[in-house]
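Chemist: With the input below, show me the fold.
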Amino acid sequence: MNALGRRMPCSSPCRHPSPATHRTARAVQRIGRLLCWSLAAGMTTAAADLLLEPQTPWWGAVWPLPWYLTGLSLPAWAILRIREKATQHPPDEEHLPDNWDQAA
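Modeler: The predicted structure follows:
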């Protein structure tokens with residue numbers, strides 16, 4: 001019996017991701033981080049615009065930029081995530097781990 005939270009070794013050849021799958025997963029992670037950070041920056045700049053009311057001439061052009069970046073990164077993340085999910089295949093009956101055969 002394995003300790004809780006410990007990964008079981010898998011020797012199945014179908015479990016090793018291809019380099020293309022690995023690249024897609026990394027791209028999804030990077031775009032997801034960009035999406036999260038642009039949302040955080042957008043909320044911060046919107047709060048600063050609302051509470052501080054900066055009077056500098058460049059502020060009116062700068063504060064909506066994170067929201068534009070969010071609008072661009074959201075569809076990119078969604079497309080990459082769909083591609084990532086499409087490349088993942090469910091395991092066949094013969095490649096299921098042994099512990100899945102036991103009833104709960």
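Chemist: Show me what counts as buried in stretch 33-45.
Modeler: 34-35, 38-39, 41-42, 45 (16 or more other CB atoms under 10 Å). Using the backbone N, CA and C atoms, a C-beta is placed for each residue, glycine as well.
Chemist: The biggest helix by length in the chain packs against which elements?
Modeler: Among all segments of the chain classified by DSSP state H, the helix with the greatest residue count is helix 19-51. The elements that helix 19-51 packs onto, with contact taken as 3 or more CB pairs under 8 Å, 6 or more residues apart in numbering; DSSP states H and E, are helix 65-87.
Chemist: Give the rounded mean pLDDT of the helix it packs on.
Modeler: Per-residue confidence for helix 65-87 averages out to 95 on the pLDDT scale.
Chemist: Tell me who's in contact with residue 73.
Modeler: Taking CB atoms under 8 Å, 6 or more residues apart in numbering as the definition of contact, the neighbours of residue 73 are 31, 34-35, 38.
Chemist: Okay, now stretch 50-67: how far is its last residue from its first?
Modeler: End-to-end distance of stretch 50-67: 15 Å, with CA to CA, to the nearest Å as the criterion.
Chemist: buried ones in it?
Modeler: 63, 66-67.
Chemist: Let me see the residues that make contact with it.
Modeler: When contacts are defined by CB under 8 Å, 6+ apart, stretch 50-67 is touched by residues 38-39, 41-42, 44-46, 48-49.
Chemist: go with 10 Å
Modeler: The contact list for stretch 50-67 (CB atoms under 10 Å, 6 or more residues apart in numbering) reads 37-49.
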